[in-house]
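Student: Here you go, sequence then predicted model.
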Amino acid sequence: MKQEEIDLAYNLNEDYHKLALQKLRHLQSQIALGGGKKRLEKQALEGKLSARERIAYLCDEGSHFEEIGAFVAYEMYAEHGGCPAAGVVGGIGRVQGRLCVIVANDATVKAGAWFPLTGKKNLRFQEIAMENRLPIIYLVDSAGVYLPMQDEIFPDKEHFGRIFRNNAKMSAMGITQIAAIMGSCVAGGAYLPIMSDEALIVDKTGSIFLAGPYLVKAAIGENADKETLGGATTQCEISGVTDYKMENDKVCLDTIKQLINKLGESPKAGFDRITPAAPAKNPQDLYGIFPADRTKPYNMVDILHRLVDNSELTQYKENYGKTIICAYARIDGWAVGIVANNRQVVKSKKGELQFGGVIYSDSADKAARFVMNCNQKKIPLVFLHDVTGFMVGTRSEHGGIIKDGAKMVMAVSNSTVPKFSIVMGNSYGAGNYAMCGKAFDPRLIVGWHSAKIAVMGGAQAAQVLLQIQTASAKNEEKLTPEAEAEMLKQITARYDNQTTPYYAAARLWIDAIIDPQETRRLISTGIEAANNAPVEKFNVGILQT
């Protein structure tokens with residue numbers, strides 16, 4: 001390719017990515033408004049900070065709050081008026097120098113009521129706290145279960161009640177839980193703060209009770225106002241249910257800082273870290289060298305050089321199994337093992353051409369061995385997805401692709417060092433699984449704005465679905481070519497929508513959608529968090545060699 005063609009492709013890629021990121025930032029700013037400006041203003045008049053203001057005040061000045069699940073419920077629950085961020089804001093933040101999981105109900109969204117995805121999102125926060133042994137801070141301001149959808153949030157294993165089970169489990173694990181009642185806390189939701197180690201309540205705005213005034217009146221005929229029933233004075237001075245009576249939101253948050261400040265240190269996992277260094281090659285080049293067209297090849301090593309310290313890689317089995325790159329490197333000073341799909345067309349050890357982004361037997365075998373090595377050396381793993389799946393066809397089947405794929409899946413499944421997944425581009429089918437998709441317990445999994453997650457690519461899926469539908473239709477009447485073309489267009493549009501990072505993030509298949517420039521910071525924060533939890537001994541189980 002001529003230099004001018006390379007420059008043109010670079011510029012076109014850069015323009016595409018920057019426009020896509022502009023859309024991402026615009027949507028994030030809209031979601032940050034929660035229930036809207038009017039409701040935020042009303043909450044301020046009540047003397048309350050918003051959920052995001054509470055988190056910002058709690059976190060150390062100048063530190064970054066790693067938000068998880070901002071896009072949860074995006075474009076969902078339209079028949080109920082929508083539910084931005086599922087009515088809860090949370091993630092990993094630094095409080096008094098210590099990483100904590102922070103969860104804040106957004107009372108501007110349906111009074112902080114719990115939708116089905118609110119429950120799933122809260123469970124994800126607790127999972128992060130449990131896996132990484134991080135203190136968790138709940139800033140409670142919620143009307144409880146959203147009654148019109150109670151059957152989808154109340155009774156099942158992964159529903160509302162699981163939150164309280166996790167409260168108990170975390171207490172037994174010695175994970176600090178601090179809850180601040182900064183608004184309503186009703187019915188079953190009242191157990192969350194009281195099952196925490198310590199509970200604070202804000203005077204006049206906070207209240208906690210098993211049944212509110214209306215239900216008490218209906219149930220036993222008693223008239224009682226909210227303050228008398230479960231306000232700060234009642235619960236701090238009469239019942240003793242809560243531990244600290246706070247004057248206002250800021251005093252409450254300041255007190256939480258004081259409590260966190262006095263926590264003792266826990267043993268570290270011992271992941272290796274040296275003085276961080278920036279990549280030697282400009283990370284801004286990521287926008288130009290990462291193709292806008294998800295079918296175009298590129299050299300993954302060029303991407304890695306923009307992500308790792310000093311742009312230094314030590315490749316494992318560099319000339320074997322070339323459709324997966326395995327390498328040791330450092331990210332923000334932390335030692336990491338990287339497993340990344342190579343999108344170039346390469347030659348196998350036998351001289352055969354192999355398609356980029358496809359996992360072959362030799363690359364699966366190589367990746368499995370590398371994952372085991374990283375576990376032996378206690379090195380965290382980073383997976384970079386741009387994979388269309390495992391190679392199919394007679395030659396692959398005769399070569400034992402299922403066995404080698406199973407070997408890789410086995411190694412990833414039983415890995416005990418922390419795993420982090422970055423979905424850069426495609427993440428299709430069993431390739432998603434082998435590269436540590438959400439089902440395989442990555443400590444964090446995020447997507448670039450260019451991510452696509454599905455059982456197969458949109459074009460392939462559309463053709464398969466078209467064949468099924470046209471075969472069914474032809475049993476009754478023959479479709480015209482025009483009708484088939486229109487059907488293909490509709491199927492493709494529907495399927496393409498379901499492969500976007502927004503669709504995935506709305507359902508919490510990924511924790512966040514990020515700018516590629518944020519990748520290093522997110523991985524570093526994730527490893528620092530994971531360093532608080534002990535690493536169990538690695539045992540791969542039955543693994544055929």
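Tutor: That came through, no problem. Keep in mind that this is a model prediction, so the values were computed, not measured.

Student: before we move on, what SS does residue 140 have?
Tutor: strand (DSSP: H, G, I helix; E, B strand; the rest coil).

Student: And for the residue nearest to residue 111 when sequence neighbours are not counted, the neighbour number?
Tutor: Nearest non-adjacent residue to residue 111, counting by Cβ to Cβ, 6 or more residues apart in numbering: residue 143, 3.9 Å away. Yep, even glycine has a C-beta here, placed from its N, CA and C like the rest. Neighbour count of residue 143, defined by other Cβ atoms under 10 Å: 21.

Student: now swap in residue 108 and tell me
Tutor: 24.

Student: Please apply the same query to residue 135.
Tutor: When neighbours are defined as other Cβ under 10 Å, residue 135 has 22 of them.

Student: so it makes contact with residue 177?
Tutor: Yes. Contact criterion Cβ atoms under 8 Å: residue 135 and residue 177 qualify, at 7.4 Å.

Student: returning to that earlier point: just want to check the distance between the residue nearest to residue 111 and residue 190.
Tutor: Plainly put, residue 143 is 12 Å away from residue 190 if you go by Cβ to Cβ, to the nearest Å.

Student: repeat for residue 156
Tutor: Look at residue 156 and residue 190: by Cβ to Cβ, they are 21 Å apart.

Student: Neighbour count for those two, which is higher?
Tutor: residue 190 (22 against 13).

Student: The more buried one in helix, strand or coil?
Tutor: helix.

Student: Report pLDDT for it.
Tutor: Looking at residue 190, its pLDDT is 83.

Student: give the contact list for it.
Tutor: 208-210 (Cβ atoms under 8 Å, 6 or more residues apart in numbering).

Student: Among those residues, which are located in strands?
Tutor: 208-209 (DSSP state E).

Student: Please type out the PyMOL selection for whichever of the contacts of residue 190 turn out to be buried.
Tutor: Of the contacts of residue 190, the buried ones can be selected in PyMOL as follows, counting by 16 or more other Cβ atoms under 10 Å:
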select buried, resi 208+209
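
Student: ranges for the strands of the stretch 151-300 of the chain?
Tutor: Counting by DSSP state E, counting those that start in this stretch, the stretch 151-300 of the chain has strands at residues 177-186, 198-202, 207-209, 244-246.

Student: I figured residue 426 hits residue 457, correct?
Tutor: Yes. Contact criterion Cβ under 8 Å: residue 426 and residue 457 qualify, at 6.9 Å.

Student: any common contacting residues for those two?
Tutor: What both residue 426 and residue 457 touch, as defined by Cβ under 8 Å, 6+ apart, is the set residue 388.

Student: So for these two, which residue has more residues nearby?
Tutor: When residue 426 and residue 457 are compared on other Cβ under 10 Å, the one with more neighbours turns out to be residue 426, at 26 against 20.

Student: what ranges do the helices span in the stretch 1-150 of the chain?
Tutor: 3-31, 37-45, 51-58, 116-132 (DSSP state H, counting those that start in this stretch).

Student: From the contact counts, what lies against the first one?
Tutor: With contacts defined as 3 or more Cβ pairs under 8 Å, 6 or more residues apart in numbering; DSSP states H and E, the secondary structure elements packing on helix 3-31 are helix 286-289.
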